[in-house]
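Student: Got a predicted model here, sequence first, then my questions.
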There are 2 protein chains.
Amino acid sequence: MSKAITPKAQDYSKWYNDIVVEADMADHSAVRGCMVIKPHGYAIWEKMQQTLDKMFKDTGHVNAYFPLFIPKSFFTKEASHVEGFAKECAVVTHYRLKNDGKGNIVVDETAKLEEELIVRPTSETIIWNTYKGWIQSYRDLPILVNQWANVVRWEMRTRFFLRTAEFLWQEGHTAHATADEAIKETEQMLNVYADFVENWMAVPVIKGLKSPNERFAGAIETYCIEGLMQDGKALQCGTSHFLGQNFAKAFDVKFATKEGGLDYVWATSWGMSTRLMGALIMSHSDDNGLVIPPKLAPTQVVIVPIYKGEEGLKKVSETALQIVAQLKAKGISVKYDDRDSQRPGFKFAEHELKGTPVRLAIGERDLANGTVEIARRDNLTKETVSVNGIADHIEKLLNDIQKNLFDKALKRTRESTHKADSYDELKKILDEKGGFVSAHWDGTPETEEKIKEETKATIRCIPLNNKMEDGKCIYSGKPSKQRVLFARAY
Amino acid sequence: MSKAITPKAQDYSKWYNDIVVEADMADHSAVRGCMVIKPHGYAIWEKMQQTLDKMFKDTGHVNAYFPLFIPKSFFTKEASHVEGFAKECAVVTHYRLKNDGKGNIVVDETAKLEEELIVRPTSETIIWNTYKGWIQSYRDLPILVNQWANVVRWEMRTRFFLRTAEFLWQEGHTAHATADEAIKETEQMLNVYADFVENWMAVPVIKGLKSPNERFAGAIETYCIEGLMQDGKALQCGTSHFLGQNFAKAFDVKFATKEGGLDYVWATSWGMSTRLMGALIMSHSDDNGLVIPPKLAPTQVVIVPIYKGEEGLKKVSETALQIVAQLKAKGISVKYDDRDSQRPGFKFAEHELKGTPVRLAIGERDLANGTVEIARRDNLTKETVSVNGIADHIEKLLNDIQKNLFDKALKRTRESTHKADSYDELKKILDEKGGFVSAHWDGTPETEEKIKEETKATIRCIPLNNKMEDGKCIYSGKPSKQRVLFARAY
């Protein structure tokens, strides 16, 4: 156990914060609610970005960039969107500062904007206002655009990655000629998201639909993927929205159909954010620090030499650098940590804290035996293996670790998914075990609201693969056709 | 010539705007001074980013992310920085909107920030405030961090890419134990910039130092690279600043030296932005549209089939797809434009307008001859070549085009660089030919200011490779040791 990390069992929330800070993922900033993403955290985010970006391009999308600022009036154009987003926003009212002559910098009141600008909390409005100029005919469709950007949603109570005023994300905004095509796109992106979260982040997710209460403001249908963290709380990992013709109507975006008519354009939007960093940390990490799935680790393998004197280092380095070359040839990212300023024990602890998946230690005795010591970060086991064929061994090991992390998380998620057939049972499970609770619900927002008020649990989703089953709502006793997943959530 | 593009000779400024809009690089937005970067423009920017990012990493830098907002008071901490940057800024004063009960969304006056936040125009202050917590000892140095971000500098008169309120950029911010190391870093990054602009963008640049008037606000020394556009105006392509201990002193960032003392940390910062897109357009493009150097072209080769009927397309496609595969195997990006909805002439014009470096046309007669027609975008020449060895031929061609674009721009820059030995001569050259003018200057800000007022030309730089030469200032007649480069600039 790392002394720097509060044990998870003692204080989960403090454990999480300790990992973020001690593993050099992020830092507080001087601006309330905004964080600094430190190089180690940012390197993981970059790997996520690269992977997702490739997945988006492989499915035919291109990137673009839209303004940071949105005129205030744009938010009023889509009735339900305004309720959801035109609230806790950063509002730009002036465009100049001046020296007041007493050595103070003050806002220049003569430089007041005619219309306030909102720092984008999401970009549907500015983008659909732009699409109006891009779309005339069915030949201009589909538009398959993604944007990587920062967004701001003012938050009073913040947590690293999970809830910050400013965060980084991608937002896809597509335009289609038919509802059917837009729904297919919405579903496709949900599948891309699930693929990424499960196969790169090693976090198992449930795919589902949001209940009306939890739907994106302005959407007809919100699809989501939900993961379960180690403390039994759920975390929404990504959402994909079928927006119908709502934004096209709000911004008057019509197109000439193939059949010679005129129709409003169909829309989707979908997003994933630096929140995922929180999911990554809370799914796999332990009391020793961060655990990163190999596919997203900035450094997959670290090699630590154990030696006495310069001559000793020279000998060990020869073998170490050969291994480095072999690993690089396989596309494995490897760091040879030959800093002379730190002892091996310090380095071991540091790489453990920062989550490097595989650590190799090579001492002078190992050289004689033709072996190295390999330590796995995921289960903290060690083994001594031959230098011959080491690269193949490590390649397989990285795959094993990736798989093991997913399997462990899947087992945990399954064991933390329960059925409740009464309201008391739901409350008991939430209080005693946490996790997902599968229960019947009458489908009304009122019931959902009551349950949320009384238990702090929300409907995370109506699973896509749900089996239909007659039952009674655990709250109202009214008839229900299927169970939904409740959980307390981040 | 494209009908969509105003000829350069007729109206240079309109020519530039036409290319931006017609080649789908960018679009106006609903927000004054902010532009939309369209997919084609953004794809070029992405290639620039990827190339630069690799160059930064190869020189030991890592990425991080700092807040978008900067507390107003931070700007007052560094005396000269405040003069330069705390002026035309976007100022956030409130953090909530509300419904006024009459259906209007208004700023909630109860949600007023205690201290206004400035949307970053550059991040020295917030970063050095953060570095204070990261640096205690010489062991924590150097810090070699880069950030990719959006920044805002309020501008009333804007031009696509060249001058917009919001733009995208990277900003490097490094911290060092010695002045010497910081200066080496400043120079290293200038060289990285010059390498990128010359060898990727194919734009020749002059490396130099800025005069005190043109120095970055808060810098001890500003290094820059200056390019010359086709209209004879200069464009600053990148700057690298040696900041001395100014920001360390402003934010009280000290470190324990190796020798047991305590000293302020030495700093650099360096940046390049979407302005470069303007330089790219204005260096190479012609009256037919955009010209992109192959190394930055999102699509390097387009193949257009010429056929009659489905059967004809099928035959042509067979050969075309073989060529696609051969080019891809060489890492050449290629698009097979087999859209049935458009005729070849339309496709030719479109790819010409958008700057695709190489166009292949394959018709049924070509199939019989075993040839294809190749058109170069840079010099608009065509040749018919054998399908055998086509991939090697195109690989070489792309290199030739890259080189030709640079050579052409270099020749133009050289021919547009003049010497002036009197003030009248300077004015005459500026008015009649434009370009760089090499002339003696007495080294005073007053003279520089006067010349700027009277001619609109500024000192672009004091070239790094300048030869020392006794002379007299063309304006004041005072003695001068070297010539500096004047030009009218973007």
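Tutor: Arrived safely, thanks for sending.

Student: Assign a three-state SS to the spatially most central residue of chain A, would you?
Tutor: In chain A, the C-alpha nearest the mean C-alpha coordinate belongs to A:Leu276, at 1.7 Å (CA atoms, centre = their mean). What DSSP: H, G, I helix; E, B strand; the rest coil gives for A:Leu276 is helix.

Student: Tell me, what's the model's pLDDT at it?
Tutor: pLDDT, A:Leu276: 97.

Student: Could you do A:Leu397 as well?
Tutor: pLDDT, read off for A:Leu397, is 98.

Student: Return the residues in contact with whichever residue of the stretch 201-350 of chain A sits closest to chain B.
Tutor: Chain B sits closest to A:Ser341 of the stretch 201-350 of chain A, with a gap of 6.8 Å, by CB to the nearest CB. (Each C-beta comes from the backbone N, C-alpha and C, glycine too.) A:Ser341 is in contact with B:Arg139, counting by CB atoms under 8 Å, 6 or more residues apart in numbering or on different chains.

Student: Now stretch A:286-294 - C-alpha only, CSV.
Tutor: Provided in CSV are the C-alpha atoms of stretch A:286-294 (Å, rounded to 0.1, in the frame of the first residue of the first chain):
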residue,chain,number,x,y,z
ASP,A,286,-6.4,0.0,-5.8
ASP,A,287,-4.9,1.1,-2.6
ASN,A,288,-1.4,1.2,-4.2
GLY,A,289,-2.5,3.8,-6.7
LEU,A,290,-3.6,4.0,-10.3
VAL,A,291,-4.1,1.0,-12.5
ILE,A,292,-4.2,1.7,-16.3
PRO,A,293,-5.4,-0.9,-18.9
PRO,A,294,-2.4,-1.5,-21.2
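
Student: Let me see the mean pLDDT of that stretch.
Tutor: 97.

Student: One more: stretch A:35-51?
Tutor: Mean predicted confidence for stretch A:35-51 is 98.

Student: Can you list the buried residues in that stretch?
Tutor: Of the residues in stretch A:35-51, A:35-49, A:51 count as buried by neighbour count, 16 or more other CB atoms under 10 Å in any protein chain shown.

Student: The residue lying closest to A:Ile332 once chain neighbours are set aside and A:Asp378, how far apart?
Tutor: Counting by CB to CB, 6 or more residues apart in numbering or on different chains, A:Gln300 is the residue found nearest to A:Ile332 once chain neighbours are left out, at 5.4 Å. Between A:Gln300 and A:Asp378 the distance is 12 Å, computed by CB to CB, to the nearest Å.

Student: Which strands or helices does the helix or strand of chain A with the lowest mean pLDDT pack on?
Tutor: Ranked by mean pLDDT, DSSP states H and E, the weakest helix or strand in chain A is helix A:79-85, scoring a mean of 75. For helix A:79-85, the packing partners by 3 or more CB pairs under 8 Å, 6 or more residues apart in numbering or on different chains; DSSP states H and E come out as helix A:246-250.

Student: And the next helix or strand past the helix it packs on?
Tutor: strand A:254-256 (DSSP states H and E).

Student: For that next one, buried residues please.
Tutor: For strand A:254-256, the neighbour count (16+ other CB under 10 Å) marks A:Lys254, A:Phe255 as buried.

Student: Tell me the helices and strands packed up against the next helix or strand after it.
Tutor: Counting by DSSP H and E, the element after strand A:254-256 in chain order, helix or strand, is strand A:262-264. Judged by 3+ CB pairs under 8 Å, 6+ apart, strand A:262-264 is in contact with strand A:254-256.

Student: so what does the strand it packs on touch, helix or strand wise?
Tutor: strand A:262-264.

Student: Could you tell me how many residues sit around the nearest residue to A:Ala329 once chain neighbours are set aside?
Tutor: Nearest residue to A:Ala329, sequence neighbours excluded (CB to CB, 6+ apart): A:Ala391, at 7.3 Å. Neighbour count for A:Ala391, taken as other CB atoms under 10 Å in any protein chain shown: 21.

Student: Kindly report the same for A:Asn213.
Tutor: 13.

Student: quick one: secondary structure of it?
Tutor: Recorded secondary structure, A:Asn213: helix (three-state DSSP).

Student: Verify the contact between it and A:Cys461 for me.
Tutor: No. Using CB atoms under 8 Å, A:Asn213 makes no contact with A:Cys461, being 11.9 Å away.

Student: if we can go back for a sec, and the residue nearest to A:Ile332, what does it touch?
Tutor: For A:Gln300, the contacting residues are A:Pro294, A:Ile332, A:Ser333, A:Val334, A:Thr356, A:Pro357, A:Val358, A:Leu398, by CB under 8 Å, 6+ apart.

Student: State the phi and psi torsions of it.
Tutor: Phi and psi for A:Gln300, reported as degrees, to the nearest 10, are phi -90, psi -30.

Student: Could I get the contacting residues of A:Asn150?
Tutor: A:Asn150 sits in contact with A:Leu68, A:Glu166, A:Phe167, A:Leu168, A:Trp169, B:Leu68, B:Ala149, B:Asn150, where contact means CB under 8 Å, 6+ apart.

Student: Which residue ranges of the stretch 251-400 of chain A form strands?
Tutor: A:254-256, A:262-264, A:266-273, A:301-306, A:334-336, A:358-363, A:371-376, A:382-386 (DSSP state E, counting those that start in this stretch).

Student: With distance to A:Glu109 and mean pLDDT added, can I get those in JSON lines?
Tutor: Shown next, in JSON lines, are the strands of the stretch 251-400 of chain A (distance: least, CB to CB, whole Å; pLDDT from 0 to 100):
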{"stretch": "strand A:254-256", "distance to A:Glu109": "42", "mean pLDDT": "98"}
{"stretch": "strand A:262-264", "distance to A:Glu109": "42", "mean pLDDT": "98"}
{"stretch": "strand A:266-273", "distance to A:Glu109": "36", "mean pLDDT": "98"}
{"stretch": "strand A:301-306", "distance to A:Glu109": "56", "mean pLDDT": "98"}
{"stretch": "strand A:334-336", "distance to A:Glu109": "54", "mean pLDDT": "98"}
{"stretch": "strand A:358-363", "distance to A:Glu109": "60", "mean pLDDT": "97"}
{"stretch": "strand A:371-376", "distance to A:Glu109": "62", "mean pLDDT": "97"}
{"stretch": "strand A:382-386", "distance to A:Glu109": "67", "mean pLDDT": "96"}
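
Student: If I look at A:Asp100, what pLDDT would I see?
Tutor: 83.

Student: Same question for A:Ser2.
Tutor: At A:Ser2, the pLDDT value in this model is 69.
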